[in-house]
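In: build me a structure from this.
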Amino acid sequence: MRRIKTNGKFCARLIDRNKPIEFYLNGLKIKALKGDSVLSALLAANIEQAGKYFDFPIVLDEYLALPVTYLGKNGEKKIITTIEKMPAINGAKYFIKGMKGQTLSSKFIKKLTKGEEKSLNIDLFNYDFSIGRNFANNKKQILEVELLIIGAGLAGLSAANYAGKFCKKILLLEQREIYGGDAVLFGASAQEGKPEQLIENLIEKIKKQKNIDIRNNCTVLDINNNSALVQQIKKKNDELDEEFFVIKAQKIIIATGCRDKIALFHGNRLPNIIGLNSAFRLFYQYGLFPAEKIMIFCNNNFAYRLALLAENEGAKIDKIIDNRIEPHSRFIEFSKSCGIKFATGVEIREISKTKNNRLKILSNFSFEEFAGKKDKFEQYETDNIIISFGFLPNLELWRSVGGEIYLAAKETNIEILPAKKRVKNIALAGSNAGYKSHLSTMQSGIEAVNYLFGKKKNKIIEQEIDPIFESPMGGVAISDYRPINGAGKYLDFTNSLALIRAKEKKSIFTNLAKNKFNSEIDLLNLRALSVGDIFSLFLISFIGQDLFTQLIKERALVNSEKRIKFIKQKKKEQKKEKKLELVPNYLIDRFAKKQIICEIKSLEGEIFAIGQLIFVNSDINDPEKAIGVILAKNKASYLALIAKDSAIIMRQVSVNYARGHSPAIIIDKHNPSRK
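Out: Residues are numbered from 1 along each chain as shown. As a prediction, this is how the structure comes out:
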């Protein structure tokens, strides 16, 4: 990554180029600018690799969500959040969780300086991504509001502005420092107005209403029974501080937007590969953009929009490669006039690293119109790649409150959308509710308020652009090419790191069972699957729609390590009893009418993932016959929700995980505060 030299309207909004700072990460001095996050500072220092998963490098980006600890300037404080949310403070000390006592050696620093090594050198295979703190022990301020809105993009801002006319107390939370979400990236359609102007107007109106409290740098850790647990990071006099809030809200709107959808080919998470949304945020907030030769692979018009914004600020795009046939858009026409080269009808087959650390792309023509060239391979080499193959709604909070999702066919794509089934006193708005244009996104915020407060609802009109003028988004990018000894094909941009392995001349996993969905392909995953992982499994026909729904319920235990909190109580015999406060709504009555929290331990020392199912024995695979599910790691054991009748101390059970089945034993039982 490199800094764009200018401070344009759409570039470097948070940094002050005239105020250089430096901080220490695991003993390594990192130079930065005031306003940087720890992640943006590392990327600006050309550290673009987090570490390795098996023998293959993984890109350092916001989606990996590495936990980092802020120790202050004297090593006294302890604030923990993820690397992209942690502000960089001059003179401060930080520590990457999971490096377990390692410090970056002088030899490493020399390598880093010479450019021979640009990695944090983390063993991601054995890495613990949990925040690792007991939020129940933190002092929390309790706030009571009539309406809580999570996400201050166009939908959230619009909802707050409208609700302010009749709600007595509204709290609007944004996890980033800048309000407006990613609306600026998508530009304006006819009659919509410029997104930056829409955002500015809404913020101005909101600030005039005293009944609306708007706060940034706030992460909602959990929602339960209309109460939200929130962490806010604050900067005070060149120091960081944090506050925790429990927000008791009568009504809640979730407007958390969308994120990049991964393209399914081997090598899709190598260093120097970045998603469109992620690239835009680094550019817009910190003035960072990939250096040297840049290629963009896409199936939509928004990639051309980012290319134009970057070119206007001095970046140079080498080529845009679109998988659609002769697409057209005002952004494409503007790109042509700027001299940006592009090719169409091309699919990525695989990306690998060359000996000199460049990216090598294997591609081919795969459409019927190019039938004569179908087996003809094209090869490219470049330094950096931006990929854009659509967007996934952020539905993690929606899932945590019991909201359901379904699959819908849209144009040439299949999309994940929230089900129409309502959740009491909670509504969705904006792009995570499936809306795309700025006007429909803003209207959805207003209609979410109308629904929650029983007011007259109006039909939301999605502004469709005639395909004659704007080509719709292309098909899902899926490559069935399986290289020998290539990098993995990851299923999502998350830290679940679920992947499909490349073929191996000599397998290093001799005991790795073939995946039950497809005997020819190994799916390797040691953690709970994300919603995006399960969606990708559906897209590549590993699973059908019924199993998709089942896996969403069983494997994607959202916010799991944050939801599981313990209250320590002293009994008369001075024994400490652990009491589970929260069980996800969608697991209530899942395995039996009466369920209990148990502590289980692997008999073979295996690592279990949150969300893995528990069976009576290894002969059973049917999810409907499961007796329980792994909820959380508990030091050397695991906590599980198990049917009460099956929860017998010292009973041997079987845990279904990536490599097959593994025996475990129930060693203790706890009394949950709710069934």
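In: and the contacts of whichever helix in the chain runs longest?
Out: The residue-count maximum for a helix in the chain (DSSP state H) belongs to helix 438-452. Defining contact as CB atoms under 8 Å, 6 or more residues apart in numbering, one finds that helix 438-452 is touched by 147, 153-160, 162-163, 183, 186, 188-189, 191-193, 195, 198, 251, 253, 255, 425, 427-431, 433, 435, 455-458, 460-463. Any C-beta I mention is one placed from the backbone N, CA and C, and that applies to glycine too.
In: of these, grab the buried ones for ChimeraX.
Out: In ChimeraX, this line selects whichever of those come out buried by 16 or more other CB atoms under 10 Å:
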select :147,153,154,155,156,157,158,159,160,162,163,183,186,188,189,192,195,198,251,253,255,427,428,429,430,431,433,435,460
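In: return the subset of the contacts of helix 438-452 lying in helices.
Out: Short answer: those in helices (DSSP H) are 154-160, 162-163, 183, 186, 195, 198.
In: which two in these are spaced the farthest apart?
Out: Based on CB to CB, the longest span within the ones in helices among the contacts of helix 438-452 runs between Ala163 and Phe186 and measures 24.5 Å.
In: residue boundaries of the strands in the stretch 151-300 of the chain?
Out: With strands called from DSSP state E, counting those that start in this stretch, the stretch 151-300 of the chain shows them at 170-173, 212-215, 218-224, 227-236, 239-254, 258-260, 273-275, 288-289, 294-298.
In: for these, which has the smallest mean pLDDT value?
Out: Mean pLDDT is lowest for strand 218-224 among those, at a mean of 87.
In: adjacent strands (with direction) for that one?
Out: Sheet pairing for strand 218-224, assigned by DSSP bridges, gives strand 227-236 (antiparallel).
In: can you give me the buried ones in the partner strand?
Out: Ala228, Leu229, Val230, Gln231, Gln232, Ile233.
In: same thing with stretch 157-177?
Out: Taking 16+ other CB under 10 Å as the criterion, stretch 157-177 shows 157-164, 167, 170-177 as buried.
In: can you tell me the distance between the two ends of it?
Out: Using CA to CA, to the nearest Å, the end-to-end distance of stretch 157-177 comes to 14 Å.
In: same question for stretch 19-39.
Out: 18 Å.
In: list the contacts for Gln379?
Out: Neighbours of Gln379 in contact, by CB under 8 Å, 6+ apart: Lys360, Ile361, Leu362, Ser363.
In: can you check the pLDDT for it?
Out: 89.
In: what about it, distance to Ile325?
Out: To Ile325, Gln379 is 21 Å away according to CB to CB, to the nearest Å.
In: cool, Arg259 as well?
Out: 27 Å.
In: these two: which has the busier surroundings?
Out: Counted by other CB atoms under 10 Å, Arg259 and Ile325 do not tie: Arg259 has more neighbours, with 22 against 14.
In: quick revisit: next helix or strand past the longest helix of the chain?
Out: Beyond helix 438-452 in the direction of the C-terminus, DSSP states H and E gives the next helix or strand as strand 489-490.
In: what comes into contact with that next one?
Out: 262, 264-269, 479, 497-500, 502.
In: same list, the residues you listed, but as CSV with pLDDT and neighbour count please.
Out: Converted to CSV, these look like this (pLDDT from 0 to 100; neighbours: other CB atoms under 10 Å):
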residue, pLDDT, neighbour count
Ile262, 94, 25
Leu264, 94, 21
Phe265, 94, 26
His266, 94, 26
Gly267, 95, 26
Asn268, 95, 27
Arg269, 96, 24
Ser479, 88, 23
Leu497, 88, 24
Ala498, 85, 26
Leu499, 87, 23
Ile500, 86, 22
Ala502, 84, 20
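In: and the strands in the stretch 301-450 of the chain, which stretches?
Out: In the stretch 301-450 of the chain, the segments counted as strands under DSSP E, counting those that start in this stretch are 319-322, 342-344, 346-353, 359-365, 377-382, 384-388, 391-393, 405-410, 413-418, 426-428.
In: of all the ones you listed, which lies closest to Tyr638?
Out: Using CB to CB as the measure, strand 405-410 is the one of the strands of the stretch 301-450 of the chain that comes nearest Tyr638, at 26.6 Å.
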